[in-house]
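The following comprises the amino acid sequence and a computationally predicted model.
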Amino acid sequence: MHSNSSIYVAGHRGLVGSAIVRALESKGYTNLLLRTSSELDLRNQEAVNDFFKNHAIEYVFLAAAKVGGIVANNNYPAEYIRDNLLIQTNIIDAAYRTGVEKLLFLGSTCIYPKFAPQPLKEEYLLTGSLEPTNEPYAIAKIAGINMCQSYNRQYNTKYISVMPTNLYGPNDNYDLTTSHVLPALIRKFHEAKKNGQPVVEVWGTGQPRREFLHADDLADACLYLMLNYEGSEIVNIGVGDDIPISELAELIKTIVGFEGDIVYNTSVPDGTPRKLVDVTKINGLGWKARIALEDGLRSVYGMFLENELIAKK
Ligand SMILES: NC(=O)C1=CN([C@@H]2O[C@H](COP(=O)(O)OP(=O)(O)OC[C@H]3O[C@@H](n4cnc5c(N)ncnc54)[C@H](OP(=O)(O)O)[C@@H]3O)[C@@H](O)[C@H]2O)C=CC1
Ligand SMILES: C[C@H]1O[C@H](OP(=O)(O)OP(=O)(O)OC[C@H]2O[C@@H](n3cnc4c(=O)[nH]c(N)nc43)[C@H](O)[C@@H]2O)[C@@H](O)[C@@H](O)C1=O
């Protein structure tokens, strides 16, 4: 990949896509192709084919997807399987038909069996049943991985698939009905402090453990793998450490400065009890995460406050 290679970042306004754009720009890549979903609906095969035919795209970062937290996944299963299958199928096939040099597909650690041994090694894929709250999304992602591998095998393409753990960072989704736990708790504690509320509700039992990776670390890993990895086998991306949701809640509570209580709403599902990734493979390839959770949290809360000030002006 050269500084003037034509690079399409699908989903460039999202948490991951925007971090990949920042990483590419900071490393001097200048020829980036970017389209919002209203400019190019990636579920529309004809539009996607035309877009690829009309631009000599050399590299693709496939970071466009329908993404959401546990409750959104559980409530809208049809949308999660349909949109993700359409988006990824249209892009992967158009990339092949127009001779794209290399493509990076973003999966997720929810592709691993619900009760797989920890930490999750790449070879545990397809060894057991999935977590029901996100099975449709996970099945779409598994289909995407297999599609990349099948195209590599039959058509000699160079499509790589990465499995990031739970992510957070700039341009995260703070809508409490669709967001993931980390941005949701930042907003809940912040609003409770501002409004003088005595309690904050945290979903589930607080016992599940999650691993959190900053989107800038993830983007750095994606760029590193695009430049240094050619295998068809999936690669985990994580920090190699996790914490219970109850501990995350206490940490965010302290950073935000909320002095009230936490209540657990156990009518909301916990989801997978644990999904800590084994990072031996990516560490062996020469990449390691750098941003510690507490530093990352302070930084995103700072951005959250800045955005709130801007919104008020
Ligand atoms: N967030 C997380 O914790 C994790 C995310 N991932 C993976 O990373 C990838 C990116 O996720 P993330 O950045 O968090 O998601 P976001 O929701 O932040 O961003 C998704 C992007 O996809 C675009 N998009 C969605 N639907 C369409 C469509 N029909 N046509 C065109 N573009 C569309 C959106 O574009 P627009 O803004 O223009 O509407 C948006 O910018 C996904 O594959 C996800 O599975 C993996 C593990 C964890
Ligand atoms: C990235 C990943 O993201 C999803 O899986 P998840 O990790 O279960 O996601 P989550 O961040 O929504 O929840 C993590 C844990 O946190 C608890 N929790 C507490 N309080 C809130 C809360 O206020 N909001 C949310 N969303 N969760 C909360 C919640 O009950 C759960 O125990 C899937 O989309 C999956 O497909 C996927 O890939």
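In hand now; what should we look at? Bear in mind that the values here come from a model prediction, so they are computed numbers and not experimental data. Ligands and ions are numbered 1, 2, ... in the order given.

Is ligand 1 within reach of the strand or helix carrying Ala184?
Secondary-structure assignment from DSSP states H and E places Ala184 in helix 181-195. No. On the criterion Cβ under 6 Å from any ligand atom, helix 181-195 is out of touch with ligand 1, staying 8.3 Å away. All C-beta spots, glycine's among them, are computed from the backbone N, C-alpha and C.

I'd like to know which elements the very next helix or strand once past that helix is packed against.
Counting by DSSP H and E, the element after helix 181-195 in chain order, helix or strand, is strand 199-203. The contact analysis (3 or more Cβ pairs under 8 Å, 6 or more residues apart in numbering; DSSP states H and E) places strand 199-203 against helix 181-195, helix 245-256, strand 261-265.

mind redoing it with 6 Å?
Taking 3 or more Cβ pairs under 6 Å, 6 or more residues apart in numbering; DSSP states H and E as contact, the helices and strands that strand 199-203 lies on are helix 181-195, strand 261-265.

What's the first helix or strand after that strand?
Sequence order places strand 209-210 as the next helix or strand after strand 199-203, per DSSP H and E.

Now do that following strand, average pLDDT.
Computed over strand 209-210, the mean pLDDT rounds to 98.

and whichever helix or strand comes after that strand, which strands flank it?
Proceeding N to C from strand 209-210, the next assigned helix or strand is strand 212-214, under DSSP H and E. Paired strands of strand 212-214, with direction, are strand 166-168 (parallel) (DSSP bridges).

so does the partner strand get close to ligand 2?
Yes. Counting by Cβ under 6 Å from any ligand atom, ligand 2 has neighbours in strand 166-168: Asn166.

Report the distance from that strand to the chain centre.
The offset between the C-alpha centroid of strand 166-168 and the centroid of the whole chain comes to 6 Å, using Cα atoms, centre = their mean, to the nearest Å.

could you dump the helices and strands packed on strand 199-203 to a markdown table with mean pLDDT and mean neighbour count?
Below are the helices and strands packed on strand 199-203 laid out as a markdown table (pLDDT from 0 to 100; neighbours: other Cβ atoms under 10 Å):
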| stretch | mean pLDDT | mean neighbour count |
| --- | --- | --- |
| helix 181-195 | 98 | 19 |
| strand 261-265 | 98 | 14 |
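
Mind checking what secondary structure Ile160 has?
For Ile160, the assignment made with DSSP: H, G, I helix; E, B strand; the rest coil gives strand.
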